[in-house]
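**Q** pasting a predicted model and its sequence here:
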Amino acid sequence: MPVTSYAADVRLAARCRAGDLAAFEELYRAHSPRLYAVAYRMLGHAEDAEDMLQEIFLLAFRKVASYKGESSLGTWLYRLGMNACLDRLRSKARRNDQQTEWLDGDVPPPGAIVDRSSVVHRLDLERALRELPAGCRAAFLLHDVEGFEHREVASMLGIAEGTSKSQVHKARMRLRGLLEQRTTGGRSREMR
Amino acid sequence: MQQSLDALLLGQLSRTELDALEAHLAECPGCEGLVDDARLLQRELRLIGSEGPAHRGWDRVAARLEADPEFQRATAATTAPARTPRSYGIALRWVALAATLLVVIGGSLFLMRRSLQGPTPGRTPAGAPAAASPAAIVSSIESELDLAARHYENAIAGLEQVASDGDSPLDPAVMATVRDNLQIIDAAIADSRQALRSDPQSELAQESLFDAFRRKVSLLQDTIALMNEMRKGNQAGATAIASGFNKG
């Protein structure tokens, strides 16, 4: 994330609030790569991530008046984007009438270990990620990939801290299992 | 192990804790596999989407923004002339108060404008040293802002006294809304003051502070106007004013 001064962030936010398109372009150039990556991982498809990026910047315009400079503009935008992705996941789960967003049941027994000497095929990984229930995927990504602590994950998803811990653990086990199935199912693993 | 793995992935293990974990992993293939896989997944997952958005991504975002009615309004507002002040049909007592406010606000805005503009090149304010140091200029701006803020605060105190009339004809729910809005504005005033303390020259913080003052004055004026309408029994006028309270 680009490092900017507090004053520069506040000035940029004020220009955005005033409907200055050049200011938005500056904001986009600085922060769209990270926001896109987050959206891609959360939503699972490049097209969805592109669409979400547009939504995030529209949302940023609508909410920029609430930016008071408590954090950097990049952090504010990241949180905004993350919440937008979570909202999208929730509404998608509702539309699909998904019974549960969470992984139930026991985790696979130890032993289903991916061959650690090689690199995982990205398409396998993306597919495995998409196969996780939405809530479980969000908790796992927020913790293991985005680096939020369990109490923060719990607060963002509106769940108990213990639920976050168990879902992240189950997601790790499930991903190991899914990747193992694919790699032992005849598909040759290759370097990305 | 789960706690250690969580802390490891978040980069929160101390050197000692890391050494202890590595010692355990050297003797426990099960845990070693778990940790290695979690690290591998973290590394690989962080690469997903790292190619960034499409090259024409900004064009699409710009098109969406430009098509947005709110964005169009914001852009237009930056070049639109100032709005004409609302006229309030208020009693004589309030007219006198409003006249006082006008003088106070006018004076405050004049002081604020002078503060924002800073000293004019080639012109030295009477009584000021010929070449003021940057620190002296900042100090001067701060004291002028303080003066303007005090004027506002005095005016607000007068309005608050009137608005909190013990004989208020207002519905308790309406008064609760007014109080909620006042709390929000007070929080904005506190935030702006805090920002000004961090950066006394921040134009945005100065603008935010005086914008919050203006909103507070406007809300209090509306409250008083509403009280008058209620006393006169003008339900339609009261409803029209009250409906604006939640939009503040």
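**A** Yep, that arrived.

**Q** sketch out the low-pLDDT regions of the chain for me.
**A** Picked chain A for this. A:1-4, A:95-101, A:105-120, A:181-192 (pLDDT under 70).

**Q** think we crossed wires, I meant chain B
**A** For chain B, the ranges with pLDDT under 70 are B:79-149, B:151, B:155, B:158-168, B:170-171, B:173-174, B:229, B:232, B:235, B:237-248.

**Q** can you rerun that using 80?
**A** Along chain B, the parts satisfying pLDDT under 80 run over B:78-183, B:193, B:196-197, B:199-248.

**Q** surely residue A:27 is in contact with residue A:74?
**A** No. Using CB atoms under 8 Å, residue A:27 makes no contact with residue A:74, being 9.1 Å away. All C-beta atoms are positioned from the backbone trio N, CA, C, and that covers glycine.

**Q** who has more neighbours out of those two?
**A** Taking other CB atoms under 10 Å in any protein chain shown, residue A:27 and residue A:74 do not tie; residue A:27 has more neighbours (23 against 18).

**Q** next SSE after whatever helix or strand that one lives in?
**A** Element membership of residue A:27, judged by DSSP states H and E, is helix A:21-43. With elements assigned by DSSP H and E, the helix or strand that comes after helix A:21-43 is helix A:46-63.

**Q** for the helix or strand that that following helix is followed by, buried residues please.
**A** Downstream of helix A:46-63, the first helix or strand assigned by DSSP H and E is helix A:73-95. Residues A:73-74, A:76-78, A:80-82, A:84-86, A:88-90, A:93 are the ones in helix A:73-95 that count as buried (16 or more other CB atoms under 10 Å in any protein chain shown).

**Q** now swap in stretch A:36-51 and tell me
**A** A:36-44, A:46, A:48-50.

**Q** with distance to residue B:58 as extra columns, can I get the residues you listed in TSV?
**A** Listed next are these as TSV, based on distance: CB to CB, whole Å:
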residue	distance to residue B:58
A:36	12
A:37	16
A:38	18
A:39	15
A:40	17
A:41	21
A:42	21
A:43	20
A:44	23
A:46	16
A:48	18
A:49	15
A:50	11
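
**Q** now for the buried residues of helix A:73-95: which two are most distant?
**A** A:73 and A:93 (30.5 Å; CB to CB).

**Q** C-terminal to the helix or strand harbouring residue B:180, what's the next element?
**A** Residue B:180 is part of helix B:172-198, with elements assigned from DSSP H and E. Note on helix B:172-198: by DSSP H and E, the next helix or strand toward the C-terminus is helix B:203-232.

**Q** how about that following helix against chain A, any contact?
**A** Yes. Residues of helix B:203-232 are located near chain A by CB under 8 Å from any CB of the partner chain, namely B:204, B:205.
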